[in-house]
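Undergrad: Need the 3D shape of this:
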Amino acid sequence: MSEQQDNREALQGWVREQFQKAQKHLASKGIIPARVLEKESRYLPPLVSVWKIETADKPAKTVWVISGDLPSDHVEAGAADSAREVLRYFGLRWQMQAEQIIQQGPNADKTQKEFAGMLISRAEGLAQMYDNQALWANEPTAS
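TA: Numbers count the residues shown, from 1 in each chain. You can find the predicted model right below:
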């Protein structure tokens, strides 16, 4: 087996794992995915995957789901026009969540403080990815 084929299989495995994480996150929120909108979804291994998913609701809703080396999270599709914009959305949302935890001061337990630190770190990483123009050269424009 060639190194290129090994890399391709590793990438496919990583994408599959991230999709399973995204589905598990949605299921934990009572959301059943119906189909992935592949053209608008993005994978930036090994850090993050952004999925645009149509739900099985009647009428169907569309959500963005983020998974990877960060907390899995989701938001209704209207919050962002593209995978790139959804990174900015989650980065800002996580910074606000972290700030709320920090504002608790001595009332925040150690686990919450560690979670706030992780949210800030991941939000900064998302901002760097958002700002990296090279990552988005093939990003479709919103219609």
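
Undergrad: Run through the helices of the protein in chain order.
TA: For the chain, the helices defined by DSSP state H cover 3-28, 83-103, 110-131.

Undergrad: counting contacts, what elements does the second one pack onto?
TA: Of the remaining helices and strands, those touching helix 83-103 by 3 or more C-beta pairs under 8 Å, 6 or more residues apart in numbering; DSSP states H and E are strand 48-55, strand 62-68, strand 73-76, helix 110-131. To be clear about C-beta, it is placed using only N, CA and C from the backbone, and glycine gets the same treatment.

Undergrad: right, and those - which one's nearest residue 37?
TA: Among the helices and strands packed on helix 83-103, strand 48-55 comes nearest to residue 37, with 4.1 Å by C-beta to C-beta.

Undergrad: partners of the closest one in the sheet?
TA: strand 33-36 (antiparallel), strand 42-44 (antiparallel), strand 62-68 (antiparallel) (DSSP bridges).

Undergrad: Redo those strands as TSV? Include distance to residue 87.
TA: Listed next are the strands paired with strand 48-55 as TSV, based on distance: least, C-beta to C-beta, whole Å:
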stretch	distance to residue 87
strand 33-36	18
strand 42-44	9
strand 62-68	8
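
Undergrad: on that earlier part again, right, so of the helices and strands packed on helix 83-103, which gets closest to residue 21?
TA: Closest among the helices and strands packed on helix 83-103, using C-beta to C-beta: strand 62-68, at 4.0 Å.

Undergrad: got the angle between the closest one and helix 83-103?
TA: Orientation check (axes from the mean of the first three to the mean of the last three C-alpha atoms, to 10 degrees): strand 62-68 against helix 83-103 gives 70 degrees.

Undergrad: If you compare the directions of strand 62-68 and helix 3-28, what angle comes out?
TA: Going by the same axes, to 10 degrees, strand 62-68 makes 120 degrees with helix 3-28.

Undergrad: Grab the most central residue of the chain for me.
TA: In the chain, the centroid-proximal residue (C-alpha atoms, centre = their mean) is residue 66; its distance is 1.6 Å.
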